[in-house]
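Undergrad: Got a sequence here, can you build the structure:
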Amino acid sequence: QAAARAALLARIPLGRVGTPEDIAWCAVYLASDESAWVTGGNFPVDGGVLAK
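TA: Next comes the predicted model:
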């Protein structure tokens, strides 16, 4: 199990597994007035995996 966790973390540029709070902050942004001009888009909350 330790080897599987290490392999997973090696793929994540931020070096940690995401938390429910990571997703929640994205939702808070989208529900706020700060995102008033956002009309569509993808918001990958993946610690940078897709940016590699």
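Undergrad: alpha carbons only for contacts and neighbour counts from here, please
TA: Noted.
Undergrad: Nearest residue to the residue nearest the centre of the chain in space, please, no chain neighbours.
TA: Computing the C-alpha centroid of the chain and ranking residues by C-alpha atoms, centre = their mean puts Val45 first, at 1.9 Å. Spatial nearest neighbour of Val45, chain neighbours left out: Ile23 (6.6 Å); criterion: C-alpha to C-alpha, 6 or more residues apart in numbering.
Undergrad: Where does the one you found fall, secondary structure wise?
TA: helix 20-31 (DSSP states H and E).
Undergrad: avg pLDDT for that helix?
TA: If you average the pLDDT over helix 20-31, you get 96.
Undergrad: which residues sit against it?
TA: Ser35, Phe43, Val45 (C-alpha atoms under 8 Å, 6 or more residues apart in numbering).
Undergrad: Return the member of those residues nearest to Val17.
TA: Set against Val17, the nearest of these by C-alpha to C-alpha is Val45 (10.9 Å).
Undergrad: ok, the closest residue to Gly48 other than its chain neighbours to Ala27 distance?
TA: Among residues not flanking Gly48 along the chain, Pro13 sits closest, at 5.5 Å (C-alpha to C-alpha, 6+ apart). Pro13 is 22 Å from Ala27, where distance means C-alpha to C-alpha, to the nearest Å.
Undergrad: all helices for the protein, in order.
TA: 2-10, 20-31 (DSSP state H).
Undergrad: Please produce CSV containing those helices, extended by distance to Lys52 and mean neighbour count.
TA: CSV is the format used below for those (distance: least, C-alpha to C-alpha, whole Å; neighbours: other C-alpha atoms under 10 Å):
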stretch, distance to Lys52, mean neighbour count
helix 2-10, 12, 11
helix 20-31, 19, 12
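Undergrad: now these as TSV including distance to Ala51?
TA: TSV is the format used below for the helices of the chain (distance: least, C-alpha to C-alpha, whole Å):
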stretch	distance to Ala51
helix 2-10	14
helix 20-31	17
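Undergrad: which one of these lies closest to Val49?
TA: Among the helices of the chain, if distance is taken as C-alpha to C-alpha, the winner is helix 2-10, at 10.1 Å.
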